[in-house]
Each structure stands twice: as structure tokens, then as C-alpha cells.
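In: I would like to see how this sequence folds:
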Amino acid sequence: MIDIQQEALRYASSNPYSFTRIRWPDSKNEIWGRFRITEQPNPVIASMLSDFIHNLRSALDYVIVACSPKRLRYKASFPILFEDIFAKDRDGNFVVNNTKLRDSFETVVKGLHPKARAFIISLQPYHLENLGISAHLNVLGIISRLENTDKHRQLITIGCGGQDFFLNFTMRDLPKPIRFNQPLGTGTQFLKDNTVIPYRLPPDFNRITRPNGSSIKPSDMDVHLVGTTKILVKIARREGNKPTDDFLLDSLIIDAIADVRAILRQLEFFVVSK
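Out: Numbers count the residues shown, from 1 in each chain. Reported below is the predicted structural model:
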């Protein structure tokens, strides 16, 4: 994780992005531009991330093995489900018609303490669906999908995006840049390569004048985008032709290791010696 973070910081410090104006209608006080990534990150990050994710996924399997009776350990592992295989309809029939998947789940958790089993079920990604959130956005679900990608001998794909950007406007005869407090790509949002940015100037823009008192038009200004380049992890969706999911690398590795650490600590109480 430290190696990944250092490589990501090295990449971000090179400011590998540009902002090119593509439209500037003075009548609407708007500025349109295109955000572009000018250089991709070191591909070795994908290899390091694959190793990192594999270790996390293995740790989950190992703790289930440690919590299982010795005679059942050879089949034990940590299950990760994207659909509720236990849900039943009004007639008492399983909603998910997949007996094989239910049998597989029972096999890998067989012999666990009932509280450990209940805890594992409570962690499953499909619970997010009840909150209106895709199960594929669950941290455990992301770990599983990334690890499966690596298993199939396809390196995890990484790309780039921008976060916490501001637009600065400059003119030759103005002493300081004009900065408007409208950040772009904040929180969990980010700008992806080739993003078109329409920027609406604030109402008080017309009050900004040159030293000689003349007004300033959008087409008179040079625009500079200032922010931080971020590395994105791309994961293909499982169902249909839905687009890939993109996650911020730094947030992903921090959340992943924190969640796995918390799970290990909870399951340590159920480790058996026989």
C-alpha cells in the first residue's frame, strides 16, 4: 500500500493534465473547455495493486479457515455474494433459483460458530441493494471483482482523473489571477480524461474591470485549471453491457484495508484450535 501511494504521489506531482478552451460565448458569460490527461501513470501500479488485493482476499479466506474445525478447513473460505440467495417470496420459494450457489455457501462456512456465520452474512454486498445502492459498490464486492480479474490473468486496468480543481482566469493587464470558488471533481466525484467542462461565470463577473475601467469579456481571458491528478481503478461490470466502474485508487486501498482489518478483528473471537 505504501509503495502504491508513493508511486501515485510521484505521478500526481508531475501535473499530467491540460485544459483547452473550446467555446467562450460572451453573450452567455460562459467558458467551455476540455480536460485532458497528457500522461498515463506507471503501469507497475496495476501489478502492485493486484498483489495488494490478492493479499486482502487471501486474509479473508485464511481467517475463515482458522475459525473452522480442522476436519472442515480444506473447504473453508470467505464467501462474497452479489445477490440474496436466501430471500424467499410469499409462497416460501427461493427468489434466486440457484441451489448450487446455496450449497456452495453452506460448504465454505460449515462448522463456523452461528454468530460468526451471521456476521459473515451481514457483510455481504447484496445488502446494499436494499438501500438503493449497487452491490458492486461494496468494498468487499470491489475486492472480489478485482481479485477475479487478476485470477483470469488480466492485469487490473488503471487510468486517470482529476479531483479538487479550480479554474483561474488571467489577463495581461490584471495584477492577479481571478479565482472563482466553484470546485470541480470534489468528494467522490472526479473529472475523467476528455471531459468537457461548461463553466458558468458568477453574476458579479461583469463588475470586474480593467485598470482603465473597461469591462472584461470571457473571450478576453486565459483559463488555467489547477488541481490534483488522481489514479482511477477500472472494473468491468458483470451484468449485461453496463459500463465499467471507476474508483479512486487512494480511497479504494484505504477503505479496503480498513474494512478487512475490522473483519479480521471481529472474527478472531471465533478462531478454534482443533
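
In: from here on, just use CA atoms for contacts and neighbour counts.
Out: OK.

In: against H127, how distant is S134?
Out: S134 sits 9 Å away from H127, going by CA to CA, to the nearest Å.

In: more neighbours: which of those two?
Out: Between S134 and H127, counted using other CA atoms under 10 Å, the more crowded position is H127 (19 against 15).

In: for this structure, what spans make up the strands?
Out: 17-23, 30-37, 157-170, 178-179, 191-192, 195-200, 222-235, 245-248 (DSSP state E).

In: what residues sit buried inside the third one?
Out: Residues 157-170 are the ones in strand 157-170 that count as buried (16 or more other CA atoms under 10 Å).

In: got JSON lines for these, with pLDDT too?
Out: Compiled in JSON lines, these are given as follows (pLDDT from 0 to 100):
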{"residue": "T157", "pLDDT": "76"}
{"residue": "I158", "pLDDT": "82"}
{"residue": "G159", "pLDDT": "83"}
{"residue": "C160", "pLDDT": "86"}
{"residue": "G161", "pLDDT": "87"}
{"residue": "G162", "pLDDT": "87"}
{"residue": "Q163", "pLDDT": "89"}
{"residue": "D164", "pLDDT": "90"}
{"residue": "F165", "pLDDT": "88"}
{"residue": "F166", "pLDDT": "85"}
{"residue": "L167", "pLDDT": "81"}
{"residue": "N168", "pLDDT": "80"}
{"residue": "F169", "pLDDT": "78"}
{"residue": "T170", "pLDDT": "78"}
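
In: any chance of those residues in JSON lines, plus distance to T209?
Out: Converted to JSON lines, those look like this (distance: CA to CA, whole Å):
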{"residue": "T157", "distance to T209": "48"}
{"residue": "I158", "distance to T209": "44"}
{"residue": "G159", "distance to T209": "41"}
{"residue": "C160", "distance to T209": "37"}
{"residue": "G161", "distance to T209": "34"}
{"residue": "G162", "distance to T209": "31"}
{"residue": "Q163", "distance to T209": "31"}
{"residue": "D164", "distance to T209": "28"}
{"residue": "F165", "distance to T209": "25"}
{"residue": "F166", "distance to T209": "21"}
{"residue": "L167", "distance to T209": "19"}
{"residue": "N168", "distance to T209": "16"}
{"residue": "F169", "distance to T209": "13"}
{"residue": "T170", "distance to T209": "12"}
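
In: do you know which of the strands of the chain lies nearest L81?
Out: The closest of those to L81 is strand 222-235. By CA to CA, the value is 16.9 Å.

In: can you tell me what sits against the closest one?
Out: 8, 11-12, 15-19, 21, 41, 145-146, 156-171, 244-250 (CA atoms under 8 Å, 6 or more residues apart in numbering).

In: show me what the mean pLDDT comes to for that strand.
Out: Strand 222-235 shows a mean pLDDT of 86.

In: so what strands line up beside it?
Out: Using DSSP bridges, the strands paired with strand 222-235 are strand 157-170 (antiparallel), strand 245-248 (antiparallel).

In: ok now it, how far from the chain's centre?
Out: 14 Å (CA atoms, centre = their mean, to the nearest Å).

In: ok, now stretch 131-144?
Out: Here stretch 131-144 shows a centroid-to-chain-centroid distance of 11 Å under the convention CA atoms, centre = their mean.

In: pull out the buried positions in that stretch.
Out: For stretch 131-144, by 16+ other CA under 10 Å, it's 135-144.

In: lowest-confidence helix or strand of the chain?
Out: In the chain, the helix or strand scored least confidently by mean pLDDT, DSSP states H and E is strand 178-179, which has a mean of 74.
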